[in-house]
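J.: Following is a predicted model, sequence given first.
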Amino acid sequence: MQLRPARPDDHDDVVAFTRDTWPEQELEDYLPRTFREWAANDDDAQRTLVVDDDGDAVGVIQGVHLTGREAWVQGLRVHPDYRDRGLAQRLTNAILSWARERGAVVCRNLVFSWNVASLGLARRLGFEPATEIRWARIEADADADPSLDVTADPDAGWTFWTDSAARERLRGLTIHPSRAWTLSELRPADLERAAEAEGLFVVRGGGTRGMALRNRVFEAGDDDPERWTEYAVGAWADLDAARALVDAVARDAARLDADRARMLIPETPRFVTDAAAARADVSGDPDFVLAADLTDPDVGR
């Protein structure tokens, strides 16, 4: 069995062994929807590999070079009949080597907190715990009226972020501006871009007390798709600031004709209960982010 770059015509093979990835969960695997695009659009910043057994794809993985020093690995799947043969390690090591060659010094991934098998595998492959996240889900509301002043000042937002409890708990990570479901370190330029797109929300009142930035607008669902706005992070100093941010996000989502919004928050009792008290729904389970140190010569070998 050999590792090779993925091809669009591997789609049917990959769909066959990822159609029912988590049978015990009411959750569909995203790979049947995304694999064809992954395989067709590999470039210098994206690498999708499969395990080939006599022409059949029986394993898959993707690596993404997010920033100069940050990489991401996702979509690791192995056909059930081919598990326990070391294929997951071969696929992962190949992506970690590729990321290292491109100059990345860290490679991260995201694992659902209930996915014990994948968590154990990630640790065995050299990934260490980094942080944990949840999503605050907010209904669009054109009449939402924040009780505090909300501005679009990137300098104030960045200054608040650098000293915030959210940044500390998230280790500086937020949703990457151009890659869904990947996290990278937030940078001042990200706030500046959000401000230019009318997507930066900085809460003030006796000083700066909160910050959120819009990441993208997308549609989800096959038969009756919903329109969502996504916010790379929500950070606040107190419950009043949380309420103001939730209202600002609800109003922004309505302005963009979205049905709902989701905002990444740290998985802590304070942030989760603040979001709930601000009348946001909160995702049922946290997600774990893990990181592999590519400067360690033993990682990915």
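T.: Happy to help now that I have it. Just so it is clear, the model here is predicted, and its values are computed rather than measured.
J.: show me what contacts residue 219?
T.: For residue 219, the contact set (Cβ atoms under 8 Å, 6 or more residues apart in numbering) comprises 225, 226, 227, 228. From N, CA and C alone the C-beta is placed, and that goes for glycine too.
J.: Just give me the neighbour total for the spatially closest residue to the second one that is not a sequence neighbour.
T.: In space, residue 226 comes closest to residue 259 once its chain neighbours are excluded; the distance is 4.6 Å by Cβ to Cβ, 6 or more residues apart in numbering. Neighbour count for residue 259, taken as other Cβ atoms under 10 Å: 16.
J.: quick one: contacts of stretch 103-118?
T.: When contacts are taken as Cβ under 8 Å, 6+ apart, the neighbours of stretch 103-118 outside the stretch itself are 22, 25, 63, 65, 68-74, 76, 95-96, 99, 119, 122, 127, 130, 132, 173, 181-183, 285-295.
J.: all helices of the stretch 51-200 of the chain, in order?
T.: Secondary structure of the stretch 51-200 of the chain, counting by DSSP state H, counting those that start in this stretch: helices at 87-101, 116-124, 154-162, 165-170, 188-196.
J.: by contact count, what packs against the third one?
T.: The criterion is 3 or more Cβ pairs under 8 Å, 6 or more residues apart in numbering; DSSP states H and E, and the helices and strands that helix 154-162 contacts are helix 188-196, strand 200-204, strand 208-220.
J.: what helices or strands is the shortest one leaning on?
T.: Meaning strand 200-204. For strand 200-204, the packing partners by 3+ Cβ pairs under 8 Å, 6+ apart are strand 149-151, helix 154-162, strand 208-220, helix 239-255.
J.: low-scoring pLDDT stretches of this structure, where are they?
T.: Regions of the chain meeting the criterion pLDDT under 70 cover residues 23, 25-26.
J.: can I get the helices and strands packed on strand 200-204 in a markdown table with distance to residue 199?
T.: As requested, those are arranged in a markdown table below (distance: least, Cβ to Cβ, whole Å):
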| stretch | distance to residue 199 |
| --- | --- |
| strand 149-151 | 12 |
| helix 154-162 | 11 |
| strand 208-220 | 3 |
| helix 239-255 | 7 |
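J.: Need the winner for burial among the ones you listed.
T.: Sort these by mean neighbour count, taking mean count of other Cβ atoms under 10 Å, and helix 239-255 sits at the top with a mean of 23.
J.: quick one on the thing from earlier: I'd like the helices of the stretch 51-200 of the chain as CSV, with distance to residue 54 appended.
T.: As requested, the helices of the stretch 51-200 of the chain are exported to CSV (distance: least, Cβ to Cβ, whole Å):
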stretch, distance to residue 54
helix 87-101, 15
helix 116-124, 26
helix 154-162, 52
helix 165-170, 45
helix 188-196, 46
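J.: domains for this protein, by residue range?
T.: Residue ranges of the domains in the chain are recorded as 2-104, 134-284, according to automatic domain parsing.
J.: picking up where we left off before, buried subset of the contacts of residue 219, written for PyMOL?
T.: Those of these that meet the burial criterion (16 or more other Cβ atoms under 10 Å) are gathered into one PyMOL selection, given here:
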select buried, resi 227+228
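J.: Tell me how many other residues crowd residue 44.
T.: The number of residues packed around residue 44, counting by other Cβ under 10 Å, is 7.
J.: For it, give me its contacts.
T.: 65, 102.
J.: how far away is it from residue 299?
T.: In this view, residue 44 and residue 299 are 22 Å apart by Cβ to Cβ, to the nearest Å.
J.: Need the residue closest to the centroid of the protein.
T.: With distances taken as Cα atoms, centre = their mean, residue 181 lies nearest the centre of the chain, 2.7 Å away.
J.: excluding its backbone neighbours, what's nearest that residue?
T.: Among residues not flanking residue 181 along the chain, residue 110 sits closest, at 6.7 Å (Cβ to Cβ, 6+ apart).
J.: same for the helix or strand harbouring residue 12, what does it pack against?
T.: According to DSSP states H and E, residue 12 maps onto helix 11-18. Counting contacts by 3+ Cβ pairs under 8 Å, 6+ apart, helix 11-18 is packed against helix 31-40, strand 56-67, strand 70-78.
J.: Please work out which residues outside the first one touch it.
T.: Pointing back at helix 31-40 there. Outside of helix 31-40, the residues within contact range by Cβ under 8 Å, 6+ apart are 6-8, 10-11, 14-15, 18-19, 21, 46, 48, 60, 62, 75, 77.
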